[in-house]
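>>> Pasting the sequence and the predicted coordinates here, then a few questions.
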Amino acid sequence: MRAGAGYFLNPAGASQRRYEALRAYFTEDMPASEVADRFGYSTASVHQMATLLRAGRLSLFTDPRPGPKGPRKATGPLRARVLALRAAGHSVTEIAAALTAEGLPVSAQTAWQVLDAEGIPRLPRRDEGRRGPPARLDAVQAAKRPGWPAAGTALACDHAGLLLLFPAMAEVGLHELVRAAGYPSTRALSSWQSVGALLLAKCARKARVHHIGSLTDDAGLAFTLGLTRLPKATHLGTYSWRVRRESSHKLLAGLVAALRPLGLASGGDGFNCDFHAIRHHGDGAVLEKRYVPRRSQRTRAVLTFFAQDHASAEMVYANADLTKAGQAAEIIAFADYWNNATGSDPGLLVFDSQLTTYKILDQLTARGINWLTLRQRGKNQLARLAALPASAWKTATIARAGRYRRPRLHEDMVKLTDISAKVRQIAVKNIGRDEPTLLITHDLATPARDLFARYAERMMVENELDAYIGGFHLDALTSGVPLNVDLDTTLTVVAGNLCRLLARQLPRYENATPDRIWRHFLDATGTMHIDDTGVTCALNLRSHHPVLIDAGFADLEVPIPWWDGRTLRFRFPPR
C-alpha cells in the first residue's frame, strides 16, 4: 500500500464511514455482519443503508450550489443609480432601501463597495436630529380634495370594513363634536381630518409601529375624509402634541351628551373607576416611576385614569395627565366632569382602596356622592370582628355563577381618620379568604348583600381595560407614531363607544369585545363606487356577512354630514 492509505482504511467522519461501509458491502461482497463489526454499525443498520441506496433515497455526496459566491456585481444601471443617489446626499443605508424598493435588491455593503471603488468617502456622522429610518425619496403629501368627483369612479379600499363605523360616527355627530372641542387645524387639513385619521388608525387595530404606513397608501380610506392621501406619522405625531387637555375633555363631554339619548352612558348604576399604568419604552423620558402590573415591576410609566359606566360597560372618561401629587383627587375631577356634562353628580362610585385617600372620600361625602371601596384590614379591627358571636353574622345568598355564593356579613358604623362622619362598614366572610374582607361605603340605603355583589362586579372595568389593550393597543407607547398619550386614551374611549354602537345592531354580538368586532367585521377589504349621490361600499366576501345583512346593512342609506349629506350604502357579494 502507498503512503496515505490509512485515510481510506480508517475513516474518521460519519459520511466517509458510511461510504466505505457500503462500498465494502456492494463491491467486495463482504457479509453485512462483517461490515457491521468492521465499521461499528449494527447488522440491521447496514441492511437499511443498502436498501435506501438502492431506492435512490440515500445521498453520499453533496453537490456544491451553483451561482456567485460573493456580493452582487454592481455594474451598468445599478452602479449609475448608486452614484446618483449618493450625489443627492443619501447614505448607503438609504441607497440600499431605495434600490430595493425599485426592484434592485442590494445590501448597504454592496452600495459602499461601489462608492469606495469610485473614491467617494463616507458621509460625515449625522447629529441626533437627523438620524432615524431611511428617508422616503418620493413622499406624497396629504391634501384636501378639490371637491366631489364630477363623474362616477371606483376606488379600491384595503380597509373598507372601517366604513361600518361611519353610521355610528354620523349618529353621534362626531365631526361636529371634534370641531366644537377646539382641536387645532393646519393650513392643509381641518381638525376633523387630522383627528379622523388618528381615529381610523386606532380603529384599524394595528400596532402603531407600522399601522400608519399601511393606511397612508389607502386612497379609498383617504377619500372618506375628503383627502388625497391620509397624513403620515410625522404630521400625526406632531399634531397630537398640539392638542390641549381641554379639547379632549370637551370631546368626551360632548360624546357623553350624544350617547345618553341612545341608551349609553346613563350613569344610573354608577361607575367603576381604576388607574392603569402605561409603561414607557425608552430612555430620557421625564416620567415618574410607577408599578406596572403587566410587567410586575416599577418603571417609568404614564398613569391613566378610566371611568366605566356600569350599566353599558363602556368607558366614558379618561385622563392621562396625572402626577403622583394629584392622582388621589382625580375622582373629584371625574365627578366635576360628569356634573358639567350631565347637570348632576355621578351615581355610586366603586374603586379599590389604592385609588384615593380618606380626605378625598370626605369631600365626596360632603357633596352627597355615594362611594364604595375596600378598607385595609388592621389588627384591631380583625380582633374586634373575631370576638363577635356567631349570631352577629348574617348569611346572604348572592345570585351569581361560581363559588362563594353564600357569604356571611356583618355591618356597623365606624369612624375613620380624616372622614368627619361615620361610614358604613360591611365585613364579609366565607368567600375563600382567611380573614374577613372589609367594605366601606357612604351608601346607607342599599342592602349589604347588594353592595357586596356590586363591588365584585368592579372587575368589569379591569376586563374592559384588558379589551382596550388588546383591541386598540393602548399600551403601545413606543412606536413609529409618538402620540400624546392623553389624546391616545381619549381616542381609545371614542373608538370603544363606536364599536359598542355597531355591536348593538348585530345579533349575538351586543357584548363582543373590540378585538372580535374587528376580526369578524372591520378587517375587510372592498371597493368604493362613488357617484354624485354618495358612496356604495362593496365589501369583499367574508364569512360573517350574513350577520351584517340580518342587521339591515344591505338596505342602509346613511347621510354622512361631512360629505354634504351624501349617503353611504353597503353592498355584499352573493353567496
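All right, it came through fine.

>>> looking at the protein, which helix or strand does the model trust least?
Within the chain, judged by mean pLDDT, DSSP states H and E, the helix or strand with the poorest mean is helix 211-216; its value is a mean of 70.

>>> quick one: contacts of stretch 323-330?
For stretch 323-330, the surrounding residues in contact (CB atoms under 8 Å, 6 or more residues apart in numbering) are F275, E288, L303, F305, N319, L322, L355, T356, T357, K359, I360. Where C-beta positions appear, they are placed from N, C-alpha and C, glycine not excepted.

>>> before we move on, the earlier item: tell me what the helix or strand that the least confident helix or strand of the chain is followed by is packed against?
Where DSSP states H and E defines the elements, the next helix or strand beyond helix 211-216 is helix 219-224. Contacts defined by 3 or more CB pairs under 8 Å, 6 or more residues apart in numbering; DSSP states H and E place helix 219-224 against strand 153-157, strand 526-531.

>>> Out of those strands, which one sits most buried?
strand 526-531 (a mean of 18; mean count of other CB atoms under 10 Å).

>>> Okay, now the sheet partners of the following helix or strand past that one, with direction.
The C-terminal neighbour of strand 526-531 among helices and strands, as given by DSSP H and E, is strand 534-539. When pairing is defined by DSSP bridges, strand 534-539 lines up against strand 526-531 (antiparallel), strand 567-571 (parallel).

>>> what is the rounded mean pLDDT of the shortest one?
Right, strand 567-571. The pLDDT scores in strand 567-571 average 96.

>>> Off-centre distance for that strand?
29 Å (CA atoms, centre = their mean, to the nearest Å).

>>> what does the first one give?
Centroid displacement of strand 526-531 relative to its chain, using CA atoms, centre = their mean, is 29 Å.

>>> For the remainder of this discussion, apply numbering that starts at 27.
I'll keep to 27 as the first residue from here, and by that count the last item is strand 552-557.

>>> got the contact list for it?
For strand 552-557, contacts defined as CB under 8 Å, 6+ apart pick out 174-175, 178-183, 186-187, 189, 246, 249-250, 561-566, 597.

>>> I'd like to know which of those are buried.
Among the contacts of strand 552-557, those classed as buried by neighbour count (16 or more other CB atoms under 10 Å) are 181, 183, 186-187, 189, 246, 249-250, 561-565.

>>> who's in contact with P210?
S217, S220, Y265, R268, V269.

>>> Specify the local secondary structure of it.
The three-state label given to P210 by DSSP: H, G, I helix; E, B strand; the rest coil is coil.

>>> Could you check the pLDDT of it?
Predicted confidence (pLDDT) at P210: the value is 93.

>>> Could you do A106 as well?
A106 carries a pLDDT value of 85.

>>> and if you look at V166?
49.

>>> and what of the one 5 residues further on?
The model reports R171 with a pLDDT of 83.

>>> my guess is it meets T250, correct?
No. Using CB atoms under 8 Å, R171 is not in contact with T250; the gap is 10.7 Å.

>>> which stretches of the stretch 127-276 of the chain form helices?
Using DSSP state H, counting those that start in this stretch, the helices assigned to the stretch 127-276 of the chain run over residues 134-143, 192-198, 200-206, 217-229, 237-242, 245-250, 259-266, 271-285.

>>> hey, least reliable of the ones you listed by pLDDT?
With a mean of 70, helix 237-242 has the lowest mean pLDDT of the helices of the stretch 127-276 of the chain.

>>> follow-up on the earlier one: show me which of the buried ones among the contacts of strand 552-557 is closest to H546.
Nearest to H546 among those, counting by CB to CB, is G187 at 9.4 Å.

>>> okay, now the nearest residue to that closest one once chain neighbours are set aside: neighbour count?
For G187, ignoring the flanking residues on the chain, the nearest one in space by CB to CB, 6 or more residues apart in numbering is A550 at 3.3 Å. A550: 23 surrounding residues under other CB atoms under 10 Å.

>>> ok, back up a step: what's the overlap in contacts for R171 and T250?
Overlap of the contact sets of R171 and T250 (by CB under 8 Å, 6+ apart) is empty.

>>> ok so, going back, how about the helices and strands packed on helix 245-250 in a markdown table, adding mean pLDDT and distance to Y363?
Output for the helices and strands packed on helix 245-250, formatted as a markdown table (pLDDT from 0 to 100; distance: least, CB to CB, whole Å):
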| stretch | mean pLDDT | distance to Y363 |
| --- | --- | --- |
| strand 179-183 | 92 | 37 |
| strand 552-557 | 94 | 38 |
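
>>> Export those to a markdown table and append columns for distance to L79.
Below are the helices and strands packed on helix 245-250 laid out as a markdown table (distance: least, CB to CB, whole Å):
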| stretch | distance to L79 |
| --- | --- |
| strand 179-183 | 56 |
| strand 552-557 | 57 |
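
>>> Quick one, which of the ones you listed gets closest to F65.
The nearest among the helices and strands packed on helix 245-250, by CB to CB, is strand 179-183 at 65.4 Å.

>>> SS state for the residue lying closest to E314 once chain neighbours are set aside?
Nearest residue to E314 in three dimensions, chain neighbours excluded: K350, at 5.6 Å (CB to CB, 6+ apart). Three-state call for K350 (three-state DSSP): coil.

>>> Could I get the full set of helices for the stretch 427-576 of the chain?
Using DSSP H, counting those that start in this stretch, the helices of the stretch 427-576 of the chain run over 474-482, 485-498, 511-529, 540-543, 571-576.

>>> starting at the chain centroid, how far to the longest one?
If I follow you right, that is helix 511-529. Computed by CA atoms, centre = their mean, the chain-centroid distance of helix 511-529 equals 12 Å.

>>> Could you check the angle it makes with helix 259-266?
Put simply, helix 511-529 runs at 100 degrees to helix 259-266, going by axes from the mean of the first three to the mean of the last three CA atoms, to 10 degrees.

>>> list the helices and strands helix 511-529 packs on?
Packed on helix 511-529, when contacts are counted by 3+ CB pairs under 8 Å, 6+ apart, are helix 192-198, helix 217-229, helix 271-285, strand 323-335, strand 341-345, helix 485-498, helix 540-543.
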